[in-house]
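K.L.:
My questions concern the predicted model and sequence given below.
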Amino acid sequence: MTITEKELQTLSHLAYLDCDNDNTHALVNEINAIIDFVEQLKTVDTKHVAPLFHPIDLHQHLRADAVTEDDCANQLAEIAPLFEEGLYWVPKVIDEGNK
Amino acid sequence: MKSLKTLISALKQKEISSVELVEEQLAQLKQHHHLNAFIVSDAEYALKQAHEADKLLQKNKGNVLTGIPMAHKDIFCTPHFKTTCGSKMLADFQSPYQATIVEKLHTAGAITLGKTNMDEFAMGSANEHSYFGPVKNPWDLTRVPGGSSGGSAAAVAAGLVPFATGSDTGGSIRQPAAFCGISGMKPTYGLVSRYGMVAFASSLDQAGPFARSAEDLAIVLQVMAGFDPRDSTSFNRPVPNYATSLNKPIKPLRIGLPRAFLSGQVDAHVQDAIQEAIAVFVKAGAKIIEIDFPYQPYWVPCYYVIACAEASSNLSRYDGLRYGYRSKQQHSIRELITASRSEGFGDEVKRRILTGTYVLSAGYFDAYYLQALKIRHLIKNEFQSAFKQVDVILGPTTPTSAFKLGEKITDRVQGYLADVFTVAANLAGLPALSIPAGFNQNLPVGMQLIGNYFAEDTLLNCAHHFQQMTDWHQRTPNLEKKS
């Protein structure tokens, strides 16, 4: 199984990455080398094997429904790219999404 | 270089003050700046804490690590330092909260000198994929220190700190420990809290310590381990006293030796070192049992499918909107997010996100991702079968010693195979450690011991006995000549 440059464009669109540059051909080759490498997994008979999502049996522990942290809004505001007048500022993009 | 245990004793006995110790380490850090082991350090901050530590030590009120300098891998959120994760994406990220292990080590009295370099988002086995440049191996400056926790490993090996923290998703503690000739442990999945540790592949990631010996690892692990209600994968069970288990007799010990671990894919000098290590254990009364892992050829491909899939999901949070790098290309929401991610992530991270997106996409999900999860089940089962016969599994940590900088950067798949012996412990969630077991042409060879779930005490006990009978862990790189 290999991917083409066009399929790479689809993947990069899904992943919100821009791969449309001079290195596209090299990137396709690198991704294909990885896909070739993992292809061998298909040779294993797993007909009666359940998938293992988590390494050890673990029951999700639940915390009491109680407030455990102070309001950290100011700290979060400090790490935002732009925060003024009590608001998170983002570029005007929402109404131009289809451009 | 003094061990952590010796330094703790020297501080408690007031043979040395914390200020003296921190000053000495800061001088070392400055002298060996060319290793690029640290992304950031703060002498003023460290010395301020050292003065406070000395006041406590004077009153005999110190905690277990009071006054001891250390370093955190830059994947752990810290209150004082930025947390970059080795990425341009987080180059200016100041976390609003701190990781549980950072808090625990601070409470125990440890003094953070700085944050160590790492492969971007912990993706790499050579520390060549850092936004802040590659780290050099203290044993040979033309070679890699291993990755992804290469900065922490190099810092401990060079004597810049007596211990450091790391994270291990597929070998990122054990492989650099092996390449740098020090001891490093990946605990059982769930033993050490991951709250405040930047996520790479959540079903595989685990935090752990680097130190100069198993005895020192036991001291640090004792502080790091334990249930954390803030981490939903944390295991709620009592933590044993690791120090007291170090000197238990190992005589009835059954050591499993996987036949494939000493095959043609492993360098001859690594095989020789491991054979000599086996002889040491046999002399101590251990019984060697040869075992087979039929699914061993699938460990690495299985790991890469799962790790990339989880990475593509975890890293979707970086959108340039709420925090992290934001591009100046802002004509549409898609362009803003795409440009922020494309400019903020390095090439290896992008490759893994794209691979993960591929194996999770419609039409390929069952063939790759689901199949890998089923094989993961088979891998876990083969370890469970092995642990019915043996107490620990022994082998080389890596098939080679540290390779040259740039040697494997062009062949990704060859680079991935550096993790051939380490990824299985992550897939199965088992504890494993790496300790030095020999040298070849002045390059360390690492030995890996894998244990059953929560058998960290057994692993530390075995490793400590080995280090009582050998002196590989006491060897240090000759940095003077190379500086």
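P.N.:
Done, it's in. Numbering: from 1, shown residues only, chains lettered A, B, ... in the order given.
K.L.:
drop to CA atoms for contacts and neighbour counts, all remaining ones
P.N.:
Will do.
K.L.:
What ranges does chain A have for its strands?
P.N.:
Per DSSP state E, chain A carries strands over the ranges A:83-84, A:87-88.
K.L.:
Nearest the geometric middle of chain B, what residue?
P.N.:
B:Ile173 (1.9 Å; Cα atoms, centre = their mean).
K.L.:
for the chain, which spans come out with low pLDDT?
P.N.:
By default, I'm working from chain A. Along chain A, the parts satisfying pLDDT under 70 run over A:1, A:93-99.
K.L.:
not quite, I wanted chain B
P.N.:
B:409-410, B:481-483.
K.L.:
Which other helices and strands does the lengthiest helix in it contact?
P.N.:
Counting by DSSP state H, the longest helix found in chain B is helix B:371-389. Applying 3 or more Cα pairs under 8 Å, 6 or more residues apart in numbering or on different chains; DSSP states H and E, we find helix B:371-389 packed against strand B:254-258, helix B:299-314, helix B:423-428.
K.L.:
ok but B:Lys328 is inside a helix, no?
P.N.:
No. Counting by DSSP: H, G, I helix; E, B strand; the rest coil, B:Lys328 is not part of a helix but coil.
K.L.:
Where does the residue nearest to it when sequence neighbours are not counted fall, secondary structure wise?
P.N.:
Nearest residue to B:Lys328 in three dimensions, chain neighbours excluded: B:Leu336, at 7.6 Å (Cα to Cα, 6 or more residues apart in numbering or on different chains). Assigned by DSSP states H and E, B:Leu336 belongs to helix B:333-344.
K.L.:
Quick check: what element follows that helix along the chain?
P.N.:
Downstream of helix B:333-344, the first helix or strand assigned by DSSP H and E is helix B:347-360.
K.L.:
for the closest residue to B:Ser41 other than its chain neighbours, phi and psi?
P.N.:
In this structure, B:Ser41 finds its nearest non-sequential neighbour in B:Gly114, 3.9 Å apart by Cα to Cα, 6+ apart. B:Gly114 adopts backbone torsions of phi 170, psi -170, taken as degrees, to the nearest 10.
K.L.:
okay but B:Gly114 is in contact with B:Ala37, surely?
P.N.:
No. Counting by Cα atoms under 8 Å, B:Gly114 does not reach B:Ala37; the two are 10.0 Å apart.
K.L.:
still on that earlier bit, put the alpha carbons of the longest helix of chain B into PDB.
P.N.:
The C-alpha trace of helix B:371-389 is given here as PDB (Å, rounded to 0.1, in the frame of the first residue of the first chain):
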ATOM      1  CA  GLN B 371      -4.900  -4.600  13.700                       C
ATOM      2  CA  ALA B 372      -2.100  -3.000  15.700                       C
ATOM      3  CA  LEU B 373      -4.300  -3.000  18.800                       C
ATOM      4  CA  LYS B 374      -5.000  -6.700  18.400                       C
ATOM      5  CA  ILE B 375      -1.400  -7.500  18.000                       C
ATOM      6  CA  ARG B 376      -0.700  -5.400  21.100                       C
ATOM      7  CA  HIS B 377      -3.000  -7.900  22.900                       C
ATOM      8  CA  LEU B 378      -1.000 -10.800  21.600                       C
ATOM      9  CA  ILE B 379       2.300  -9.100  22.700                       C
ATOM     10  CA  LYS B 380       0.900  -8.500  26.200                       C
ATOM     11  CA  ASN B 381      -0.200 -12.200  26.300                       C
ATOM     12  CA  GLU B 382       3.300 -13.400  25.400                       C
ATOM     13  CA  PHE B 383       4.800 -11.400  28.200                       C
ATOM     14  CA  GLN B 384       2.200 -12.700  30.600                       C
ATOM     15  CA  SER B 385       3.100 -16.300  29.600                       C
ATOM     16  CA  ALA B 386       6.800 -15.500  30.000                       C
ATOM     17  CA  PHE B 387       6.300 -14.200  33.500                       C
ATOM     18  CA  LYS B 388       4.800 -17.500  34.500                       C
ATOM     19  CA  GLN B 389       8.300 -19.000  34.000                       C
END
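K.L.:
That concludes my questions; thank you for your assistance.
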